[in-house]
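Asks: Sequence below, structure please.
(4 chains)
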2 protein chains.
Amino acid sequence: MPDSSLPMPKSPTPDPEKSESPAPDSLMTIREMVETYGVTARTLRFYEAKELLAPIREGQKRLFTRRDRARLKLILQGKRFGFSLEEIRQLLDLYDMGDQQKTQLRATYELGQRHLANLKAKRDELDAAIADLTEQLEWGARKLAELEARNPAK
Amino acid sequence: MPDSSLPMPKSPTPDPEKSESPAPDSLMTIREMVETYGVTARTLRFYEAKELLAPIREGQKRLFTRRDRARLKLILQGKRFGFSLEEIRQLLDLYDMGDQQKTQLRATYELGQRHLANLKAKRDELDAAIADLTEQLEWGARKLAELEARNPAK
DNA sequence: CGTTACCTTGACGTAAACGTAAGCTTGTGG
DNA sequence: CCACAAGCTTACGTTTACGTCAAGGTAACG
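Replies: Prediction:
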C-alpha cells in the first residue's frame, strides 16, 4: 500500500535518529501514547488490529508516528459523538488521502460531503437540545427561588 | 428522511367514540410506536426493562403515554450524540421532575448544569470538527479541479 | 546471571444494546 | 369453535469495544 503523507503544511523538520535523549517525540512508544492520550495499551493494539492505526515496528515493539497520533485524536473525537469505529475508519480515510486517483478522490469527496452534512445536522440538533435544556434549567431555577422564598433554607 | 405524516390507524375500528376513552391518541400501542418512531418492539420492551419508559398496562398489553413518547424522543436524540442509555436515564429524570423536594431539585438542577456544560463543550468540538472537515473538503475540491484541468477526461 | 520492567501475541471474558427464536395468552373474525 | 394475528415472557445469541489473564520475548540493571 503506497503511503501518502498528510497534505498538512507541516513546519517542523522531521529529525530522525537523535541518540537517545528526550525523543523528538515524532515517534512515541505505547506507554507514552497511553499517558498522553489517556487510553490503554489494549485499546491502541485493538485500533491497530482494526486498521485504524498503523504504528511502525522496531523489532517487536510498536512506535507510533505523528500520523498515528493525529488519527487517534480523530478517533477519540469521533467516539465522543457516537460514531462507531467502523464509521470513524471511513472518516480517517478521507482525512488521509493525499494522492489518490481522480475517481477515488471524487468518491471520497462525496463521502466527505455526506459526513459534513451529517455533522451539521448534528450540530443543529445539539443547538436545539441546548436550548431545551437551558429553558428547562431556567424553569428549575425559578422553581428553586420559589421554594426558597416560601420556605427559607436552613 | 424518516417519518411521514400521521399514519392512519389501519385497524377496522375508526369509531370516533368508544366507551370511556376520553383520550384522542394519547395512548399508543406498541405497534403504533414501532411505526411512528422506527424502533423495534424489542427495543421498546428493553427500554421499559431499563426503566427508561413506563407504559401502562391494559391487561397484559402495553400502552404508551405521551410522556413515554416524549421520553423516547429524548432517548433517540441522546443516542445520536453518543450518550449511553444509563446517562440518558439521568437526563430523563431531569426533564421530568415537576414537583420534587427542594434538595432533590437542587441536586437535579446541578446535574442539569453539568449536562448543559457538557453539551456546549460538545458543540464547540463539533464546530471545530466541521471547520476541519470543511477545510479538508476544500482542499479536495481544489485537487479535483487540478486533476480535471490537467487531464480533462470524460 | 538472575531479576525486574515493559512489551508482545493469543485467547477468553464482559457490558451494553439489542436480535431472534420458542412457547404461552388473548381478542377477533370467518 | 377454531384459526390466526398481536402481544407477552423467557432466554439464549450477537456485535462492538475493549478488559483481563497467560505465556513468553528482550533489554537493562545490579
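Asks: quick one: contacts for A:Thr134?
Replies: By Cβ atoms under 8 Å, 6 or more residues apart in numbering or on different chains, the contact set of A:Thr134 is B:Leu116. (C-beta placed from N, C-alpha, C; glycine too.)
Asks: The helix or strand where it lies vs helix B:102-150, what angle?
Replies: Assigned by DSSP states H and E, A:Thr134 falls within helix A:102-150. For helix A:102-150 against helix B:102-150, the angle by axes from the mean of the first three to the mean of the last three Cα atoms, to 10 degrees is 160 degrees.
Asks: right, and A:Leu144 touches B:Ala107 too?
Replies: No: using Cβ atoms under 8 Å, A:Leu144 makes no contact with B:Ala107, being 11.0 Å away.
Asks: From the centroid of chain A, which residue is nearest?
Replies: A:Leu74 (1.9 Å; Cα atoms, centre = their mean).
Asks: OK, contacts around that residue?
Replies: Neighbours of A:Leu74 in contact, by Cβ under 8 Å, 6+ apart: A:88, A:91-92, A:95.
Asks: In ChimeraX, select just the buried ones from those.
Replies: Selection of buried members from those for ChimeraX, criterion 16 or more other Cβ atoms under 10 Å in any protein chain shown:
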select /A:88,91,92,95
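Asks: out of the contacts of A:Leu74, which touch chain B?
Replies: Restricting the contacts of A:Leu74 to those touching chain B (Cβ under 8 Å from any Cβ of the partner chain) yields A:Tyr95.
Asks: Tabulate the contacts of A:Leu74 in a markdown table, adding columns for pLDDT, distance to DNA strand C and secondary structure.
Replies: Below are the contacts of A:Leu74 laid out as a markdown table (pLDDT from 0 to 100; distance: Cβ to the nearest atom of the strand, whole Å; DSSP: H, G, I helix; E, B strand; the rest coil):
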| residue | pLDDT | distance to DNA strand C | secondary structure |
| --- | --- | --- | --- |
| A:Ile88 | 92 | 17 | helix |
| A:Leu91 | 84 | 21 | helix |
| A:Leu92 | 88 | 21 | helix |
| A:Tyr95 | 78 | 24 | helix |
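Asks: And the contacts of A:Leu74, which is closest to chain B?
Replies: A:Tyr95 (6.1 Å; Cβ to the nearest Cβ).
Asks: Which of the contacts of A:Leu74 sits closest to DNA strand D?
Replies: A:Ile88 (7.6 Å; Cβ to the nearest atom of the strand).
Asks: The closest one and A:Arg80 touch, don't they?
Replies: No: taking contacts as Cβ under 8 Å, A:Ile88 lies outside contact range of A:Arg80: 10.9 Å.
Asks: A:Glu48 and A:Arg57, how far apart?
Replies: Using Cβ to Cβ, to the nearest Å, we find A:Glu48 at a distance of 10 Å from A:Arg57.
Asks: hang on, I meant A:Arg114
Replies: Applying Cβ to Cβ, the value for A:Arg114 to A:Arg57 is 35 Å.
Asks: from the chain's centre, how far out does the helix or strand of chain A with the lowest mean pLDDT sit?
Replies: Here the helix or strand of chain A ranked lowest by mean pLDDT, DSSP states H and E is helix A:102-150, holding a mean of 83. Helix A:102-150 sits 19 Å away from the centroid of its parent chain (Cα atoms, centre = their mean, to the nearest Å).
Asks: Please give the three-state secondary structure assignment for the residue nearest to the centre of chain A.
Replies: helix (DSSP: H, G, I helix; E, B strand; the rest coil).
Asks: neighbours of the residue nearest to A:Tyr37 when sequence neighbours are not counted, just the number please.
Replies: Nearest non-adjacent residue to A:Tyr37, counting by Cβ to Cβ, 6 or more residues apart in numbering or on different chains: A:Leu72, 5.9 Å away. Per other Cβ atoms under 10 Å in any protein chain shown, the neighbour tally for A:Leu72 reads 21.
Asks: Please apply the same query to the one 10 residues further on.
Replies: Neighbour count of A:Gly82, defined by other Cβ under 10 Å: 15.
Asks: go on, A:Ile30?
Replies: With other Cβ under 10 Å as criterion, A:Ile30 counts 19.
Asks: For it, report the pLDDT, please.
Replies: pLDDT, A:Ile30: 96.
Asks: How about the one 4 residues further on?
Replies: At A:Val34, the pLDDT value in this model is 96.
Asks: Fine by me, thanks again.
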